[in-house]
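Engineer: build the 3D model from these lines:
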Amino acid sequence: MLFRSPSLSVGAIGRYDPNRSSFDAFSGPNKRWAVEPGVFAEYWASPDLLRIRGELRLGATSATGMTGDLGADFVQRIGKFVISAGPHVGMSGVDYVGARFGANDTNGLPGEIIGTRSFGASGKLKFAAGRNWSTSFYANYDRVIVPGADTQKNTNTSGFNDEVRVGASFNMNFTPAAP
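Structural biologist: This is a model prediction of the structure:
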C-alpha cells in the first residue's frame, strides 16, 4: 500500500491472465499469457458500506497499452465474512483493444485514444479468519462492447461477447518488524 487513510487507499496492483490461447491470432503463438502491472485507488464514500474503486494497468506482454476499471461496491460485514457486489465499467486504449480484441477502434468519438471496453458486475465473499490473513471467492461478469472486435477472440462457441471469471484468493499481510 502506497498510501492509506480512513477513507482513501492507493497502491500497486497487477493482473495475470494465464489463458490467452484464444487470442493467438493477434498476439502470436508464444504469447499465451498476459501481465498487467498498475495502480489502484479506492475511496470509501460511506465507511464499511459503499466503496468506489479504480484501477489503471499497463499491458506489459501480448496486449500492450493502457487499460483500467472503475466500479462501485455495496459492502456488508457479517461477523468474519464480508460480502460485496456492484457494477463496473472497463476502459482501454486503442493499442490494448487492438491487441486483445482485434479491433482498430473504440466506441468513443473518432480519434479518441481511450474508450469504453465493457460493462459488468462483480461479487465477492471474503472470510477474514485473523488479523493477517483472509480468503476470498469471487465472480465477475463483463459484456464486451468493442465495435469491430473479432468476436471469436473474446467469446465462447455461442458467439456472445460475454466474459465470466470466477476464482479464489488467499491473502496474507506481512507486518515488518519494528527496528
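Engineer: from here on, just use CA atoms for contacts and neighbour counts.
Structural biologist: Fine.
Engineer: is it true that residue 125 touches residue 134?
Structural biologist: No - the pair residue 125 / residue 134 is not scored as a contact, 10.5 Å apart, by C-alpha atoms under 8 Å.
Engineer: after the worst-scoring helix or strand of the chain on mean pLDDT comes which helix or strand?
Structural biologist: The helix or strand of the chain with the lowest confidence, counting by mean pLDDT, DSSP states H and E, is helix 24-27 at a mean of 43. Downstream of helix 24-27, the first helix or strand assigned by DSSP states H and E is strand 34-46.
Engineer: in its sheet, what does that next one sit against?
Structural biologist: strand 8-17 (antiparallel), strand 50-59 (antiparallel) (DSSP bridges).
Engineer: mean confidence score for the very next helix or strand once past the last one?
Structural biologist: The helix or strand immediately downstream of strand 50-59 is strand 65-78, counting by DSSP H and E. For strand 65-78, the mean pLDDT works out to 92.
Engineer: now do strand 65-78: which elements does it pack against?
Structural biologist: The contact analysis (3 or more C-alpha pairs under 8 Å, 6 or more residues apart in numbering; DSSP states H and E) places strand 65-78 against strand 50-59, strand 81-93, helix 94-101.
Engineer: tilt between that strand and strand 50-59?
Structural biologist: On the basis of axes from the mean of the first three to the mean of the last three C-alpha atoms, to 10 degrees, strand 65-78 is oriented at 150 degrees to strand 50-59.
Engineer: quick one on the thing from earlier: lowest-confidence stretch among the helices and strands packed on strand 65-78?
Structural biologist: For these, mean pLDDT drops lowest on helix 94-101, to a mean of 71.
Engineer: before we move on, back to that, tell me the most buried of the helices and strands packed on strand 65-78?
Structural biologist: Of all the helices and strands packed on strand 65-78, helix 94-101 carries the top mean neighbour count, a mean of 23, counting by mean count of other C-alpha atoms under 10 Å.
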